[in-house]
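Trainee: mind looking at a prediction? Sequence and model below.
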Amino acid sequence: MDPRFTLRFWISLHKSLGTKLTFSTAFHPQTYGQSERVIQILEDLLRACVLDYADSWDTKLPLVEFAYNNSYQASIEMAPYEALYGRKYRSSIHWDDVGERTEIGPDIVEQTAEAIKRIREQMKTAQSRQKSYADSHRRDLNFEVGDHVFLKISPMKGVLRFGREGKLSPRFIGPFQILERIGTLAYRLALPPEISAVHNVFHISALRNYIANPSHVLRYEPIQLSSDLTYEEVPEQILARENR
C-alpha cells in the first residue's frame with residue numbers, strides 16, 4: 001500500500017473525528033514515548049494476569065484497569081484515581097470509617113481546582129527533571145553550510161561476522177560537504193553518485209565533525225550501501241571450515 005495514501009487517509013479520518021493526528025518521526029520520540037511506556041506497563045500487568053488466570057484472564061480486565069489507575073504516578077505524585085476523584089480510593093475494609101454526610105458543594109469545587117493546579121505544577125517539575133536527564137546525555141553539536149562531516153553507517157542486522165571483522169569494519173564514511181541546514185537537527189549532504197539513491201538529509205546524531213587533513217585518504221567505493229544506510233559484510237577468503 002502506498003504510504004502517502006495511508007498518510008492522507010489517517011489524517012482525513014482523524015480530522016473528521018475532530019482530533020489532530022501527530023505522527024512520530026525518527027529521532028523524535030517525544031510524540032509517542034509516554035504512550036509506549038504506558039503500553040509496556042499494561043503488557044506486564046496483562047502478562048501476570050494471564051499466568052494466574054489462563055482460562056479467564058479476560059474477565060479480570062476491569063481489575064487490571066483499576067490496578068493501573070490506582071497506582072502511584074511519580075509525575076503527578078499521586079494515583080490517577082486520586083487526581084480524577086479528588087480523594088484516595090477507600091477499600092471495603094475502610095467503609096465503616098466514613099463520617100456523617102455533609103454539604104460540601106463549594107468546597108469540593110475549590111479542592112478540585114487546587115488539586116488540578118498542584119498536578120500541573122508537579123507535571124512541570126517532572127518534565128523539567130526528565131529534560132535535565134536527557135540534556136545531560138545530549139552532545140552540543142552545530143555545523144555550518146560548507147563544513148565537511150563523517151556519516152555514520154551500521155552493518156546489516158543478523159549478518160554473520162567473521163572473527164573480529166565486524167568490530168574493525170568502518171563505521172563512518174566520508175567526508176561529505178554540508179549543503180543545507182534543515183531545521184535545527186538535520187543537514188543535507190553532498191553524496192557521491194555511488195550512493196545517490198540514499199536520501200541525503202541526515203539527523204545530527206549520525207554526523208561527526210571532520211578536521212581537514214591532506215594526508216587523509218578515505219575510501220567509500222567498496223562499501224555497497226542500501227537505501228536504509230546498511231551494508232552486508234562479505235568475507236574475502238575462507239581460510240578454514242569446521243563441521244559440527
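Mentor: Structure received. Residues are numbered from 1 along each chain as shown.
Trainee: what about the longest strand in the chain?
Mentor: In the chain, taking DSSP state E as the definition, the longest strand is strand 172-182.
Trainee: ok, residue 197 - contacts?
Mentor: Neighbouring residues of residue 197 by Cβ atoms under 8 Å, 6 or more residues apart in numbering: residue 227. C-beta: built from backbone N, CA, C; applies to glycine.
Trainee: next, it: phi, psi?
Mentor: Main-chain dihedrals, residue 197, degrees, to the nearest 10: phi -70, psi -20.
Trainee: so how far is residue 187 from it?
Mentor: Residue 197 sits at a distance of 19 Å from residue 187 (criterion: Cβ to Cβ, to the nearest Å).
Trainee: and for residue 69, the neighbour number?
Mentor: Here the number of neighbours of residue 69 (other Cβ atoms under 10 Å) works out to 15.
Trainee: please apply the same query to residue 138.
Mentor: 9.
Trainee: also residue 191?
Mentor: Residue 191 has 21 neighbours, counted by other Cβ under 10 Å.
Trainee: residue contacts, it?
Mentor: Contacts for residue 191 (Cβ under 8 Å, 6+ apart) come out as 176, 198, 200.
Trainee: mind redoing it with 10 Å?
Mentor: Residue 191 is in contact with 151, 173-174, 176-177, 179, 197-200, 202, 220, 225, counting by Cβ atoms under 10 Å, 6 or more residues apart in numbering.
Trainee: what's the answer for residue 72, then?
Mentor: Here residue 72 is in contact with 78, 79, 80, 82 (criterion: Cβ under 10 Å, 6+ apart).
Trainee: from the residues you listed, pick the one nearest residue 183.
Mentor: residue 80 (35.3 Å; Cβ to Cβ).
Trainee: ranges for the helices of the protein?
Mentor: According to DSSP state H, the chain carries its helices in the segments 3-16, 33-52, 61-69, 80-85, 105-136, 165-168.
Trainee: going by neighbour count, list what's buried in the third one.
Mentor: By that I understand helix 61-69. residue 68 (16 or more other Cβ atoms under 10 Å).
Trainee: contacts for that helix, please.
Mentor: 38, 41-42, 45-46, 48-49, 53, 57, 60, 79-84, 89.
Trainee: would you point out the helix or strand in the chain whose mean pLDDT is lowest?
Mentor: helix 165-168 (a mean of 54; mean pLDDT, DSSP states H and E).
Trainee: got any ranges where this structure has weak pLDDT?
Mentor: Across the chain, the ranges flagged by pLDDT under 70 are 1, 23-34, 90-105, 139, 154-170, 214-225.
Trainee: walk me through the domains of it.
Mentor: As recorded under the TED database, the domains making up the chain are 3-92+106-136, 147-209.
Trainee: circling back to that earlier point, of all the contacts of residue 191, which comes closest to residue 113?
Mentor: Closest approach between these and residue 113, by Cβ to Cβ: residue 202, at 47.9 Å.
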